[in-house]
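**Student:** Compute the structure for the input listed below.
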Amino acid sequence: MCSTQLVEGMHSKLKPDLDRYTLISEMMPRMKRLVSRIQDQVLYNNFRQKALAPVFETHMRAVEEDACRLFTYDTFIMIKSHILFEK
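**Tutor:** Numbers count the residues shown, from 1 in each chain. Have a look, this model is predicted:
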């Protein structure tokens with residue numbers, strides 16, 4: 001998930017309750033909670049990328065290894081599924 005999607009998700013959670021009469025003191029706790037959710041998601045993605053060893057199981061092992069080294073875990077899974085689909 002790219003950062004733009006995360007921010008758009010946060011915006012969609014904040015926007016319904018915002019109007020011209022909303023006080024900043026009412027909005028800040030929600031904003032803090034949403035920002036912490038984004039930080040948790042980013043930390044979890046970084047952990048998965050570094051801690052998990054992917055399994056190379058397609059006929060294009062070199063492409064899988066490069067994708068694993070260059071991209072995040074989610075992108076690697078997407079590339080792997082495309083390789084398996086083309087097989």
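**Student:** what element comes up after the longest helix seen in the chain heading to the C-terminus?
**Tutor:** Using DSSP state H, we find that the single longest helix of the chain is helix 24-51. Remark: after helix 24-51, the chain's next helix or strand is helix 61-70, criterion DSSP states H and E.
**Student:** Okay, Lys32 and Leu14: tell me how far apart.
**Tutor:** For Lys32, the distance to Leu14 equals 11 Å [CB to CB, to the nearest Å]. For the C-beta atoms, the positions are set from N, CA and C on the backbone; glycine is no exception.
**Student:** Who has more neighbours out of these two?
**Tutor:** Leu14 (14 against 10; other CB atoms under 10 Å).
**Student:** mind checking how far that one is from Val7?
**Tutor:** In terms of CB to CB, Leu14 sits 10 Å off from Val7.
**Student:** now do Ile24
**Tutor:** 19 Å.
**Student:** got it, and Leu23?
**Tutor:** Taking CB to CB, one finds Leu23 at 23 Å from Val7.
**Student:** Name the residue in the two with the higher neighbour count.
**Tutor:** Between Leu23 and Val7, counting by other CB under 10 Å, Val7 is the more crowded of the two (13 against 7).
**Student:** nearest spatial neighbour of that one, skipping sequence neighbours?
**Tutor:** What sits nearest to Val7 in space, not counting adjacent residues and going by CB to CB, 6 or more residues apart in numbering, is Ile38, at 7.5 Å.
**Student:** Now do the longest helix of the chain: which elements does it pack against?
**Tutor:** For helix 24-51, the packing partners by 3 or more CB pairs under 8 Å, 6 or more residues apart in numbering; DSSP states H and E come out as helix 3-14, helix 73-86.
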